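A.B. asks: fold the following, please.
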Amino acid sequence: MCDSDIEVSVVMPCLNEAETIGICVDKALAAFANYQIVGEVVVADNGSTDSSKDIAYAKGARVTEVQQRGYGAALADGIAKARGKFIVMGDADDSYDFSEVPKFIDRLRNGADFVIGCRFPRGGGNILPGAMPPLHRWLGTPVLTFLSALFFQTRISDINCGMRGFRKSAYERMAIRSLGMEFASEMVMKASLLGLKTEEVPITLYPDGRKRRPHLRTWRDGWRHLRFMLLYSPRWLFIIPGTSLLIAGLAGVAILSTGPLRIGQVVFSLNSHVVSAMSALLGFQILTFGLFAKSYALHQGLLPSGRPTDRLLSLLRLEHTAIAGMLISLAGVGLLIWAVFIWQEAGFGQLDPMEVPRIVIPSVTMIIFGAQFIFAGFILGLLSLNPPETRYQSSSNSVDKER
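C.D. replies: The predicted structure follows:
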């Protein structure tokens with residue numbers, strides 16, 4: 001069989017799955033035969049110490065040995081070495097029925113880029129008794145699925161389903177970096193961020209056929225998925241919280257600069273003024289961290305560029321931020337000079353502790369804002385520099401043209 005003849009590669013990560021790997025390979029090959037699919041089974045072995053590799057090979061799979069440990073590392077290696085136009089991945093513990101592979105292939109043949117299974121009844125799937133721990137079914141997966149929809153506008157019902165299919169060309173566009181369990185989450189996020197045509201198919205989840213403990217660790221791996229989603233979403237981790245604190249803080253500073261604010265029996269005065277300034281400064285810090293993260297992610301190819309973000313970052317060039325920062329700081333210095341004049345009129349003696357701070361607090365806040373604005377511009381400038389390989393490539397291209 002020539003490589004060009006292979007349409008589908010089923011990729012299975014494997015680590016000591018001797019009890020079930022043969023069953024999974026048999027089901028995948030039977031699906032190929034029953035539906036006239038020209039395909040192969042690739043078992044990406046991640047350091048098995050049992051007979052998994054021998055069984056997989058004897059059953060007709062192509063076995064590749066992966067030195068780098070991790071679920072994502074095994075899948076990445078197996079997918080890289082797969083020869084099919086379409087890839088279907090699934091665990092080798094017999095919890096996924098590889099006779100359902102044609103469902104994924106039909107969607108891919110009809111134009112989908114990424115097809116993910118749904119195990120939950122709301123998406124037409126089925127979870128057999130004992131197939132999924134209650135904590136995963138009622139808390140972990142629903143929460144992570146909800147957050148993926150909130151953060152990345154995904155339109156799927158089961159983000160953690162491990163059986164999924166995709167075009168190899170679409171996978172290469174995703175440029176996935178994760179080597180651990182986060183591999184699956186990154187794939188869903190990248191598919192959404194890149195605007196890939198994504199579809200769901202209902203599948204059945206079975207109790208896995210192993211007698212040993214699963215590789216998955218509920219709390220550890222759940223946190224790793226959540227942490228990864230937050231790191232890939234600077235908007236929700238930094239920009240939205242930072243902007244909210246900044247706006248609330250600036251509003252408080254502005255309102256309380258005119259005097260105490262009474263709402264019913266509650267009076268907001270000097271202490272609230274200080275807290276508002278703190279909120280504004282903290283919000284600005286968090287917001288700038290978000291811009292740094294966004295700029296870094298864009299230039300490293302971790303996130304695709306978008307028109308609003310590109311426009312904002314282009315406005316925050318060093319020249320712009322330096323001028324804006326100096327103007328803000330000068331306005332703060334002006335207020336501070338005004339406070340000094342008031343102090344002079346009092347003979348540099350004791351001042352009204354309730355009135356003068358209403359000038360000093362916004363003054364100091366503006367001076368700090370200005371300085372942070374200027375230095376933030378320098379950091380964004382550093383992050384926007386082309387990586388060395390880009391510069392070398394540009395230099396090489398120019399030499400070729402001259403020749």
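A.B. asks: residues touching the closest residue to G370 other than its chain neighbours, list them.
C.D. replies: Once flanking residues are discounted, G370 sits nearest to S329: 2.9 Å by CB to CB, 6 or more residues apart in numbering. For the C-beta atoms, the positions are set from N, CA and C on the backbone; glycine is no exception. Counting by CB atoms under 8 Å, 6 or more residues apart in numbering, S329 makes contact with M366, I367, F369, G370, A371, I374.
A.B. asks: S169 too?
C.D. replies: With contact taken as CB under 8 Å, 6+ apart, S169 is in contact with K85.
A.B. asks: go through the strand or helix carrying it and flag the buried ones.
C.D. replies: Per DSSP states H and E, S169 falls inside helix 168-174. Residues of helix 168-174 classed as buried: A170, Y171, M174 (neighbour count, 16 or more other CB atoms under 10 Å).
A.B. asks: nearest to A30, of these?
C.D. replies: Proximity of those to A30 (CB to CB) peaks at Y171, which lies at 25.1 Å.
A.B. asks: I figured the closest one hits F86, correct?
C.D. replies: No: applying CB atoms under 8 Å as the test, Y171 and F86 come out as separate, 10.0 Å apart.
A.B. asks: endpoint to endpoint, stretch 7-23 covers what distance?
C.D. replies: By CA to CA, to the nearest Å, the extent of stretch 7-23 from end to end equals 22 Å.
A.B. asks: any idea how far it is from the chain center?
C.D. replies: 28 Å (CA atoms, centre = their mean, to the nearest Å).
A.B. asks: follow-up on the earlier one: what about the residue nearest to G370, which helix or strand?
C.D. replies: helix 318-345.
A.B. asks: skip ahead from that helix and say which helix or strand is next.
C.D. replies: Counting by DSSP H and E, what follows helix 318-345 is helix 357-383.
A.B. asks: F86: what's it in contact with?
C.D. replies: By CB under 8 Å, 6+ apart, the contact set of F86 is E7, V8, S9, F104, I105, L108, R109, G165, F166, R167, K168.
A.B. asks: what is the neighbour count of the residue lying closest to P13 once chain neighbours are set aside?
C.D. replies: Leaving aside its sequence neighbours, P13 sits nearest to A74 (CB to CB, 6+ apart; 3.7 Å). The number of residues packed near A74 is 27, by other CB atoms under 10 Å.
A.B. asks: looking at this, A74 is in a helix?
C.D. replies: Yes: under DSSP: H, G, I helix; E, B strand; the rest coil, A74 sits within a helix.
A.B. asks: that one and H273, how far apart?
C.D. replies: Distance check for A74 against H273: by CB to CB, to the nearest Å, it reads 57 Å.
A.B. asks: can you give me the angle the longest helix along the chain makes with helix 357-383?
C.D. replies: Using DSSP state H to define each element, the chain has its longest helix at helix 270-299. Counting by axes from the mean of the first three to the mean of the last three CA atoms, to 10 degrees, helix 270-299 lies at 10 degrees to helix 357-383.
A.B. asks: same for helix 270-299, what does it pack against?
C.D. replies: helix 234, helix 240-256, helix 307-315, helix 357-383 (3 or more CB pairs under 8 Å, 6 or more residues apart in numbering; DSSP states H and E).
A.B. asks: mean pLDDT lowest for which of those?
C.D. replies: The stretch with the lowest mean pLDDT among those is helix 307-315, at a mean of 65.
A.B. asks: give me the below-cutoff pLDDT ranges for this protein.
C.D. replies: For the chain, residues meeting the criterion pLDDT under 70 lie at 1-4, 210-222, 300-302, 304-314, 385-403.
A.B. asks: which one in it is furthest away from the centre?
C.D. replies: G347 (59.0 Å; CA atoms, centre = their mean).
A.B. asks: ramachandran angles for that one?
C.D. replies: phi 70, psi 30 (degrees, to the nearest 10).
A.B. asks: show me the contacts for it.
C.D. replies: Going by CB under 8 Å, 6+ apart, the list of residues near G347 is empty.
A.B. asks: so V41, which of the three states?
C.D. replies: Going by three-state DSSP: V41 is strand.
A.B. asks: quick check, central residue of the protein?
C.D. replies: Y232 (2.6 Å).
A.B. asks: residue contacts, that residue?
C.D. replies: F151, F152, E186, M189, A297, L302, L303.
A.B. asks: please apply the same query to T154.
C.D. replies: Taking CB under 8 Å, 6+ apart, we find T154 in contact with T145, S148, V188, M189, A191, S192, T198.
A.B. asks: chain neighbours aside, what residue packs nearest to the fifth one?
C.D. replies: Here the nearest residue to A191 in space, its sequence neighbours aside, is F114; by CB to CB, 6+ apart that works out to 4.4 Å.
A.B. asks: quick check: that neighbour touching K168?
C.D. replies: No: in this structure F114 lies outside contact range of K168 using CB under 8 Å: 11.4 Å.
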